[in-house]
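Asker: Predicted model and sequence below, questions to follow.
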Amino acid sequence: MNFILFLMRIVLGGVFVYSGWGKLMSPVENFKAVVESYQFFSALLVKPISYVVPWLELVFGAFVLVGYLTRQSTVLLALFLLSFIVLLSRSLLMHLPISECGCFGSGIVLAPWQALVLDSGLFLIAFILLKRKSNLFSLDRRLHR
C-alpha cells in the first residue's frame, strides 16, 4: 500500500509541476487570457492570478513530488483542484466559449470537460493521500527521523 501511495504522490506532484512549468514557459499573456475567458475574476485579480498561480503549482507540486511538507502541500493542491473543478463546472454549465482549459500552458490541450475529469481524479488522489499517511521515499521521512 505504501508504494501505491508513493505513486499517487508522484502523479499528483508531477501533474502540478508540469502544469506550472508549462504556464511559466509560455508568455504570461497566454495564461492571463485563459483566466479572463472563465469570466469569473474581476479585472484587478486577473493579472496577479496569472503571475502567481503557475509558481504556486510548480513549487507545491515539487514539494509533493519529493515529499517535503507533504501534508500542507497536498492540502493546498487539493484546494486548487476544488477551485479548478468549480471554475470548469461553471464554464460548462454557462456554455462559455472555452475550447481548451489552459491547464498546461501550450503543452497539453484539454477540453474543459476533459480537464474536469482529470481534476476530479487528482482531487480523489489528494483526498486519499490526506487520509492515508505514507512517507515512503520522502524528504519528510528523512528530516523527521
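Answerer: That came through fine. Numbers count the residues shown, from 1 in each chain.
Asker: distance of the most centrally placed residue in the chain from Gly67?
Answerer: For the chain, the residue whose C-alpha lies nearest the mean C-alpha position (C-alpha atoms, centre = their mean) is Phe16; its distance is 4.6 Å. For Phe16, the distance to Gly67 (C-beta to C-beta, to the nearest Å) stands at 14 Å. Every residue, glycine included, has its C-beta placed from N, CA and C.
Asker: do the same with Ser50
Answerer: Distance of Ser50 to Gly67, computed by C-beta to C-beta: 29 Å.
Asker: Likewise for Gly13?
Answerer: 9 Å.
Asker: Val11 - how many residues pack around it?
Answerer: With neighbours defined by other C-beta atoms under 10 Å, the count for Val11 comes to 16.
Asker: Could you pull up phi and psi at it?
Answerer: Val11 has phi and psi values of phi -60, psi -50 when expressed as degrees, to the nearest 10.
Asker: The closest residue to it other than its chain neighbours: how many residues sit nearby?
Answerer: In space, Val11 comes closest to Ile125 once its chain neighbours are excluded; the distance is 6.3 Å by C-beta to C-beta, 6 or more residues apart in numbering. Applying other C-beta under 10 Å, we find 21 residues neighbouring Ile125.
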